[in-house]
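**Q** Test case, fold it:
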Amino acid sequence: MTRVKKWICGIFVFMLVFTLLLSITAIPQVQALEAEEQHVSMIPASIFPYEPSDRYASSVNYTLKANGVPVPVVKGFSDYDYAHFSMSDGPVTYELTILNTDKVHEYSISPKKLGIQADKIEGRTITFTTQSDEYLIVMMNNRKTRMVIAADPLETDVPASSGEGTFNIGSAPYHVGSSSSSLTQVSSTTAAIQQAIDDASQYGTHKGGRVQGTVYVPAGTYYIGNLVLKSNTAIYMEPGAAFVSTGRTADYTEHWFKNSMGRPATWWISTAFQSENIRIYGRGTIDGNGQTLHDDKSSNGRGMINNLVVPIDTSHFVMEGIVIRESAGWAVVTVRSDDLTFRNLKLFNSLGMGENDGIDICESQDVVVQNAIGISLDDPFSTKAWKEDTDIASGNVPWPGNPEPVRNVLFEDTIAWTLCYGYKIGQGVMQDQSNIVFRNGVVYKAAVGFAIHHKYGTGTVNDVRFESMDVEDISGKNEDNSAWMTIFTVDGSNNGVGPIRDILVKDITVRDAGESFAKIKGMEGADITDLTFENIYMPGASEPATTLHEMNFLSKEHYSDVTIKPVQNEEPLPRTNLALQRPAVASSNDGVENTAPYVNDGKLTTRFGSKRGVDPGWIYVDLGESKTIDEVRLFWETAYGKSYRIQVSEDPSHEANWRDVYSTTTGKGGLETITFDEVEARYVRMYGTVRATIYGYSIWEFEVYGPEE
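**A** Residues are numbered from 1 along each chain as shown. Okay, the predicted model is just below:
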């Protein structure tokens, strides 16, 4: 070997040994860094509770500690109380105590997808841990009043309470007091806060470069009338600060009249037309005091409803960290605006007051709703588009400009609790709605989990995605709907119909399919096309659904181009409905028309209805000859039977000839599939004894089946 070759070989050996030694030395360093990172992540979060406004009473149902720190629990409504606080990064261990009982018998913690279980249960207290800030709903001992825990991340941009560009409403020249006794000073309080907004806007506009003047709202209770937000303004609400509606109709401007409720409506806090660069943030509360306002007829004989925050004809609008409480109408309504962000939003409405949607994106574009919880009787999260002459758009103060489409909207990391639709496109589709995404949403409780409800208008709904949704509880009904999902078109008020297309439903966990059936129901001239379902897990299933039937889509009309992934199987052949279009006879009708033939005409758009308010009520079908049967399906309309029997006979002329094959006192309505031992019969009857509503017995379809050969 030459000297040069020996030298090169030596260098190579040296480098190899050096690299090996370096790697051996580096392993402990990497392990140390990983251990340090793990240690940091295990440091418990620091907890920052807020003292709520003295307007709010403490809960009589629960107390709460987070990492040992007591957190005030506010009395909410009959269905829930709540606690709101902020926390740093890291795990938090909760100690939740239920009051007025001896011990914890049962509990559940939602979202269920988080898999949170109690670390321990001692007497009346459960202890459990989360790894980060979360919005949670806890049920204990099946108590109607649940516990909502709203843990927010730390505020990172708290402004100075004074100094250049800050307009503190508690300081000169505004001198707004922070006492709940200021109900008698509403006019002066409102005027002073409005002046602070105007001054902040003037400051920010004068500075230019998207600078915002800041209106600083210290902790306290402020009864106010209408406010108008101006360009280049930020409203910062300290923890414990609360804007509260007086509940007196005389204190508010009527902006429009809601026909369905028979009441005028006010935009309580709205933006100036053609405004931009506005922000509302902090950890304060905007409280609509909705029930009181709704009921106050002292000045107009009608009462009033309120939209709490209305970004209208604005752009670059941000709302962060605020609690929205008790609206009497749609709480947050965006109108013909663009570039809007809503983050860490708590929409705490009553489940006992109708038409109080959480946030409605109306004719707006480029909107993000992120990390929010919406609780309301009506739809918490929805998108809508209207005609110019619709009541909401054509009131005393009409919406500015021309009708606009809904486009580029994202709802992400949200929780919905409602008696109606958790997440919904519609009902208004007067203009097109496109590129709308619902992602990582949880349906805690709803009549319909998520839906496209194309009821009013000829607009097109296209490019919609429901992704990574978790459906926990579908119960109750909205009209005749009780399902994890519906997609359907209705010609509401003769406004025409429009198509629905390019819909993706992906990575869905359905824990409860509902009391009725899912729909894909277009209309002539308004087909539903290009549907993709991917990884849809129905209740109890370990594998994704492979057919629409497995997904409980039992009502399907005017649809095409359905793709199911990862595996698509042929839809099962329908069983033979022995009652289809056979003669039907009813005890009575709810009008002059004989509706009995509609009960088995094969259409879920026509119905039979018995006379209102009368028990018993019945309807039977004649199978034509005696046949072997073992199943009846009742597709109830809203007016269903709480107690009823399924009876059979060979001769219906005498009551004594009927015999029961099934009976219940706990009918739930929706789709009820009733099975029984095989029996020979020609006539099959639903005999209702107790109605679930003030109406009669109403059935879309009455189907009868026998064993397949």
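
**Q** quick one: terminal-to-terminal distance for stretch 399-415?
**A** 30 Å (CA to CA, to the nearest Å).

**Q** Any buried residues in that stretch, and which?
**A** 399, 403-415 (16 or more other CB atoms under 10 Å). (Each C-beta comes from the backbone N, C-alpha and C, glycine too.)

**Q** Near Y456, how many other residues are there?
**A** 25 (other CB atoms under 10 Å).

**Q** just checking, it touches N494?
**A** No - under the criterion of CB atoms under 8 Å, Y456 makes no contact with N494, lying 9.7 Å away.

**Q** Identify the contacts common to the two.
**A** When CB atoms under 8 Å, 6 or more residues apart in numbering defines a contact, no residue borders Y456 and N494 alike.

**Q** if we can go back for a sec, pick out the most distant pair among the buried residues of stretch 399-415.
**A** P403 and I415 (31.5 Å; CB to CB).

**Q** Would you state the strands of the stretch 351-500 of the chain in chain order?
**A** 359-362, 365-375, 381-385, 406-417, 421-429, 433-445, 448-456, 461-467, 470-471, 483-489, 500-510 (DSSP state E, counting those that start in this stretch).

**Q** so what secondary structure elements neighbour the fifth one?
**A** With contacts defined as 3 or more CB pairs under 8 Å, 6 or more residues apart in numbering; DSSP states H and E, strand 421-429 has these neighbours: strand 381-385, strand 406-417, strand 433-445, strand 448-456, strand 461-467.

**Q** by how many degrees do the longest one and strand 500-510 diverge?
**A** With axes from the mean of the first three to the mean of the last three CA atoms, to 10 degrees defining the directions, strand 433-445 sits at 20 degrees from strand 500-510.

**Q** cool, and the fourth one?
**A** Taking the same axes, to 10 degrees, one finds strand 448-456 and strand 500-510 inclined to each other by 160 degrees.

**Q** Quick check, D622 in contact with R582.
**A** Yes - using CB under 8 Å, D622 is in contact with R582, at 5.5 Å.

**Q** Looking at those two, which is more packed in?
**A** Higher neighbour count among D622 and R582: R582, with 18 against 14, using other CB under 10 Å.

**Q** Now do the contacts for the more buried one.
**A** So R582 contacts N600, V621, D622, L623, G624 (CB under 8 Å, 6+ apart).

**Q** In the stretch 101-250 of the chain, what residue spans correspond to strands?
**A** 107-110, 120-122, 125-130, 135-140, 146-153, 166-168, 213-217, 220-224, 227-229, 233-237, 241-245.

**Q** mind saving the C-alpha coords of the fourth one as CSV?
**A** In this case it means strand 135-140. Extracted C-alpha coordinates of strand 135-140, given in CSV (Å, rounded to 0.1, in the frame of the first residue of the first chain):
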residue,chain,number,x,y,z
TYR,A,135,-64.9,23.4,26.3
LEU,A,136,-66.7,20.6,28.2
ILE,A,137,-70.2,19.6,29.1
VAL,A,138,-70.6,17.4,32.2
MET,A,139,-73.7,15.5,33.2
MET,A,140,-73.9,14.1,36.8
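
**Q** Take the strands of the stretch 351-500 of the chain and lay them out in JSON lines including distance to V73 and mean pLDDT.
**A** Output for the strands of the stretch 351-500 of the chain, formatted as JSON lines (distance: least, CB to CB, whole Å; pLDDT from 0 to 100):
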{"stretch": "strand 359-362", "distance to V73": "25", "mean pLDDT": "98"}
{"stretch": "strand 365-375", "distance to V73": "16", "mean pLDDT": "98"}
{"stretch": "strand 381-385", "distance to V73": "25", "mean pLDDT": "98"}
{"stretch": "strand 406-417", "distance to V73": "18", "mean pLDDT": "98"}
{"stretch": "strand 421-429", "distance to V73": "25", "mean pLDDT": "97"}
{"stretch": "strand 433-445", "distance to V73": "19", "mean pLDDT": "98"}
{"stretch": "strand 448-456", "distance to V73": "29", "mean pLDDT": "97"}
{"stretch": "strand 461-467", "distance to V73": "34", "mean pLDDT": "98"}
{"stretch": "strand 470-471", "distance to V73": "26", "mean pLDDT": "98"}
{"stretch": "strand 483-489", "distance to V73": "32", "mean pLDDT": "97"}
{"stretch": "strand 500-510", "distance to V73": "30", "mean pLDDT": "98"}
